[in-house]
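**Q** Sequence plus the predicted model coming up.
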Amino acid sequence: MRYRLWRIVLFVAATVPPLYWLYCASSGLLGPDPGKTLVDNLGLGGLILLLLTLTMTPLQQLTRWSGWIAVRRQLGLWCFAYVVLHLAGYAFFIAGLRPDLVLRDLSERPYIIVGALAFLGLLALAVTSNRFSIRRLGRRWKGLHRLVYVILLLALLHMLWVVRADMAEWLAYALAGGTLLLMRLPPVAAGLQLLGVGWRENPKKIEI
């Protein structure tokens, strides 16, 4: 299988943070409220993985290396896994596995609703991230998976409500997300492709 080692490296890299955070939580290294910190870390990790997933296409256009696209689906599924753990941590550590508290949060805290909508979008993408779905949906598959852009906006809005005290951190992720969305515009994407061709043909012409 092509890029097998690359996929293994990515798998290990994505597995380490949750295991490390879980160890820190059990060892009392996450502060006075380790459960909430663990939930926050998993949510932030999911956002970072979502941004990395969206980075793969521009990198492929720029470098012409297909290895970026080869791991795009894997990154997307890891993003979904982090978000599932994020929700599980919320249900266990914050809501105490009480459905009434979850329903109360849904009615009183808008960012919970926004996060839930982002999760449902990721669920739809994860379920259809296979060859059977691609064949079954045909042209509709690409349209469905453009939902990732809406999911990114929902995730950033969710984070904005959660970290209102640290706008600098949110602005950094929002800037990264906005840049990645901008790269999807046809003129910008075409420019990246041309830049990638020029770079491969004569790297000395471009200084980075």
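**A** That came in fine, so what should we check first? Keep in mind that this is a model prediction, so the values were computed, not measured.
**Q** Show me where the chain dips below the pLDDT cut-off.
**A** Low-confidence segments of the chain (pLDDT under 70): 1, 165, 196-208.
**Q** let's go with 80 and repeat that
**A** Across the chain, the ranges flagged by pLDDT under 80 are 1, 164-166, 189, 192-208.
**Q** Tell me the first helix or strand C-terminal of the host helix or strand of Thr53.
**A** Taking DSSP states H and E as the definition, one finds Thr53 inside helix 34-63. Per DSSP H and E, helix 34-63 leads on to helix 67-70 as the next helix or strand towards the C-terminus.
**Q** Distance from that next one to the middle of the chain?
**A** Chain-centre distance of helix 67-70: 16 Å, with C-alpha atoms, centre = their mean, to the nearest Å.
**Q** In terms of secondary structure, what does that helix contact?
**A** helix 4-26, helix 34-63 (3 or more C-beta pairs under 8 Å, 6 or more residues apart in numbering; DSSP states H and E). In short, each C-beta sits where N, CA and C put it, glycine included.
**Q** and Gln61, how many neighbours?
**A** 21 (other C-beta atoms under 10 Å).
**Q** Relative to His86, how far out is the residue positioned nearest the centre of the chain?
**A** Computing the C-alpha centroid of the chain and ranking residues by C-alpha atoms, centre = their mean puts Leu50 first, at 1.5 Å. Using C-beta to C-beta, to the nearest Å, one obtains 12 Å as the distance from Leu50 to His86.
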